[in-house]
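Engineer: Give me a model of this one.
(chains A and B)
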Amino acid sequence: EAGVVQSPRYKIIEKKQPVAFWCNPISGHNTLYWYLQNLGQGPELLIRYENEEAVDDSQLPKDRFSAERLKGVDSTLKIQPAELGDSAVYLCASSAGGETQYFGPGTRLLVL
Amino acid sequence: DAKTTQPPSMDCAEGRAANLPCNHSTISGNEYVYWYRQIHSQGPQYIIHGLKNNETNEMASLIITEDRKSSTLILPHATLRDTAVYYCIVRRNTGGFKTIFGAGTRLFVKA
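Structural biologist: As a prediction, this is how the structure comes out:
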């Protein structure tokens, strides 16, 4: 069974540029999560989707971050414009309902 | 959701058992104890979870105290590939199941 797929794995951009990350969850998993992980820290939840509905986006900085999951399957997380402090690993996870979350490999973003 | 306390780092000799402790004194009755690990440059990997009873799978064993205020993850025969950051998390499995990661325990398995 394929795991959570994320792309790209690495991204280097200049500040003020836009960037997008893509995630395809495990087949059949209706819940999708985006996490941010800074160096040396644990992941922090940005947004959680139940199917196509964002049910918890309280930690998403909405001035520059946006996310969508239009058909309730794959999802895109966007930053526009990116700032130096956005350099981090962006992790996607999925689960069947509220059960065990399975994580993708993450996208490592470097903003110069 | 309850928070957890873990030692920042631990060492273990290869081939020996690694026992990773976790305190979760404010755990609620409907919250599970989950363990994940994260190997360098990879996403967190699910290891095991439990509610009240001790659990065992092919990766590890989870021992939960009777009062559920602490638990121990046991890797029975640690290998060099078990070097990673181990996260202990408590969370519900239904409704509002927020997952809060702490800083975890950095386990070094030495030859």
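
Engineer: For the closest residue to chain A within chain B, what are phi and psi?
Structural biologist: Residue of chain B nearest chain A, by CB to the nearest CB: B:F101 (3.0 Å). Using the backbone N, CA and C atoms, a C-beta is placed for each residue, glycine as well. Main-chain dihedrals, B:F101, degrees, to the nearest 10: phi -90, psi 140.

Engineer: Show the contacting residues for it.
Structural biologist: When contacts are counted by CB atoms under 8 Å, 6 or more residues apart in numbering or on different chains, B:F101 touches A:G42, A:P43, A:E44, B:Y36, B:P44, B:Y87, B:I89.

Engineer: Let's see that with 7 Å instead.
Structural biologist: A:G42, A:P43, B:Y87, B:I89 (CB atoms under 7 Å, 6 or more residues apart in numbering or on different chains).

Engineer: can you give me the strands for the chain?
Structural biologist: You didn't pick a chain, so chain A it is. Under the criterion DSSP state E, chain A contains strands at A:5-7, A:10-13, A:19-24, A:31-37, A:44-50, A:53-56, A:65-68, A:75-79, A:88-95, A:102-103, A:107-111.

Engineer: Switch to chain B, please.
Structural biologist: Under DSSP E, chain B gives strands at B:9-13, B:18-23, B:32-38, B:45-50, B:55-56, B:61-64, B:70-75, B:84-91, B:105-110.

Engineer: export those strands to a markdown table and tack on mean neighbour count?
Structural biologist: Listed next are these as a markdown table, based on neighbours: other CB atoms under 10 Å in any protein chain shown:
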| stretch | mean neighbour count |
| --- | --- |
| strand B:9-13 | 14 |
| strand B:18-23 | 20 |
| strand B:32-38 | 23 |
| strand B:45-50 | 18 |
| strand B:55-56 | 15 |
| strand B:61-64 | 19 |
| strand B:70-75 | 20 |
| strand B:84-91 | 24 |
| strand B:105-110 | 17 |
